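K.L.:
please work out how this folds:
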Amino acid sequence: MTGEERNRLLVRIVNELDGLLNLESVLGRLLDTLRTAIGYDAAGIFVLGRDEAFPGWGTSWRTIAASARRGFDGPMPDVDRLLALGHGLVGHVLRTGEPAVAPDVRTDPRYVLGRPSTRSELAVPVCAGGRLIGAMNLESDEPGAYAEEDAEPLRLFADAAAIAVEKAVLYRLFVQRERLEEELRGEVELQAATGTVTWRDLPGWEAAGHSRPRYEIGGDYYDRIPLGDGRLGLVVADVSGKGSLAAMTVATFRAILRTQAEGGGEPVRTATAANRLLRDRVRPTEYVTAVWGVLDPARGLLSYTNCGHVPPLLVRADGSYTRLTTGGPPLGLLASARYLSGEVSIGPGDLLLLFTDGVVESEGPAEAEYGPERLAETARAGRGLPSAELVESIVRSVAEFRGDDEPADDFTLLVLKRTGEAAAPPDARATYRTSGQTPGPEAP
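P.N.:
The predicted structure is shown next:
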């Protein structure tokens, strides 16, 4: 290209992209302009995400945040993985930051088949401020269509386009941040009503919950979800990490769980689906421990699965207690995770306590933990109290043991009490029903 041609191309790029902020629109307009300026049979432009983890391959990779293509038929399978792992000429460019030219793709070991008719390809980096932000490639159906000297005009185009691409990326990040802050404001409002909440609309039962985050917002979650036929879904969950990121994962998990519960809430099916969906939506280092239970109030039966969570306690009317451990690993951690379901009978006078580790791992003198045994003893001593008063009694007991009113971790407790004087039949006190699936790996 002559100097005059370069200047005309730069002016044209500026004019074509003036006022565009939508990233996909910017990328599409760039390729359309490139077709008339240089020509190609197929082309693509790929923009790297910022500080994003690429899940599923044991290593963190930067994802392709956005792309545009011309001349390709149908979707390209696993394009993120292909490019992130450095495969293909575009992957080579993203990995090295250097142009790649293949005059004959049939003899170039870097080439990965994208369209059968391609015979030559050229790919160059897209950089802004000396930082690699993406890559651009051209493909031709003619062998020898591109040579080393053709990389220079395409790099000129890419450098000029980088300004518009970076502006669109920054605008997208701004919009995402605004959306995130709005969602976090909603999470703060939801968690602002900390303290004890009583449920009084379950005949023959009393229930009360208490949650207090360590910071302004936290990673604990408890809920009840009506499932139809009088059954009730119960959940207590704890997200890895703390603060705003944990709160966002809580919001994601809540949405997933409520959606999956619409199918009936069967514990193994619900946990398996939640595990799969979480892996697609959170970073590889993030996970959720949870207990998901389905209560049949009329029969006093609780079906549950424990997903790597601190085991709930079922404190019997006679003072004995059982830990509910049947389940599998945390959610979102292992792609191949499998879960078991357990079933327990809750008789009149029995107490079910679901809680997060902020309750039993609270430290007192000499770094001793409050522990499940002390929690069971506190529950036994207060089992004659209404559920809300029992919750407050446990909260006070933990604070006195800790010697500090401020919890060191998010603190969540749910107490469910079946009212009445009679004890549960002995043969129904610790029966377990498995789902027929093999147990998952040990929870970390």
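K.L.:
mind showing which ranges of the stretch 301-444 of the chain have poor pLDDT?
P.N.:
Within the stretch 301-444 of the chain, the segments meeting pLDDT under 70 span 405-408, 420-444.
K.L.:
any idea how far A246 is from the spatially most central residue of the chain?
P.N.:
By Cα atoms, centre = their mean, the chain has its centre lying nearest to V282, at 2.5 Å. As judged by Cβ to Cβ, to the nearest Å, V282 and A246 stand 10 Å apart. Any C-beta I mention is one placed from the backbone N, CA and C, and that applies to glycine too.
K.L.:
phi, psi of the residue nearest to the centre of the chain?
P.N.:
Main-chain torsions, V282, degrees, to the nearest 10: phi -130, psi 170.
K.L.:
and the strands in the stretch 301-444 of the chain?
P.N.:
Ranges of strands in the stretch 301-444 of the chain, per DSSP state E, counting those that start in this stretch, are 301-307, 313-315, 321-323, 327-328, 342-345, 351-355, 411-418.
K.L.:
could you redo those strands as a markdown table and give each row mean neighbour count and distance to A376?
P.N.:
What follows is those, written out as a markdown table (neighbours: other Cβ atoms under 10 Å; distance: least, Cβ to Cβ, whole Å):
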| stretch | mean neighbour count | distance to A376 |
| --- | --- | --- |
| strand 301-307 | 24 | 17 |
| strand 313-315 | 23 | 5 |
| strand 321-323 | 17 | 5 |
| strand 327-328 | 28 | 20 |
| strand 342-345 | 21 | 15 |
| strand 351-355 | 26 | 8 |
| strand 411-418 | 26 | 12 |
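K.L.:
CA atoms of stretch 29-44 as CSV?
P.N.:
The C-alpha trace of stretch 29-44 is given here as CSV (Å, rounded to 0.1, in the frame of the first residue of the first chain):
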residue,chain,number,x,y,z
ARG,A,29,-18.1,-3.1,10.8
LEU,A,30,-14.3,-3.6,10.8
LEU,A,31,-14.6,-6.8,8.8
ASP,A,32,-17.0,-5.2,6.3
THR,A,33,-14.6,-2.3,5.8
LEU,A,34,-11.6,-4.7,5.5
ARG,A,35,-13.4,-6.6,2.7
THR,A,36,-13.6,-3.6,0.5
ALA,A,37,-10.1,-2.3,1.4
ILE,A,38,-8.1,-5.5,1.2
GLY,A,39,-10.4,-8.4,0.2
TYR,A,40,-10.8,-11.9,1.5
ASP,A,41,-12.9,-15.0,1.2
ALA,A,42,-13.3,-15.4,4.9
ALA,A,43,-12.1,-13.4,7.9
GLY,A,44,-12.4,-13.1,11.6
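K.L.:
which residues sit against it?
P.N.:
Stretch 29-44 is contacted from outside by 9, 12-13, 16-17, 20, 45, 67-72, 90, 114-115, 117-118, 136-141, 153-154, 157, 161, 164-165, using Cβ atoms under 8 Å, 6 or more residues apart in numbering.
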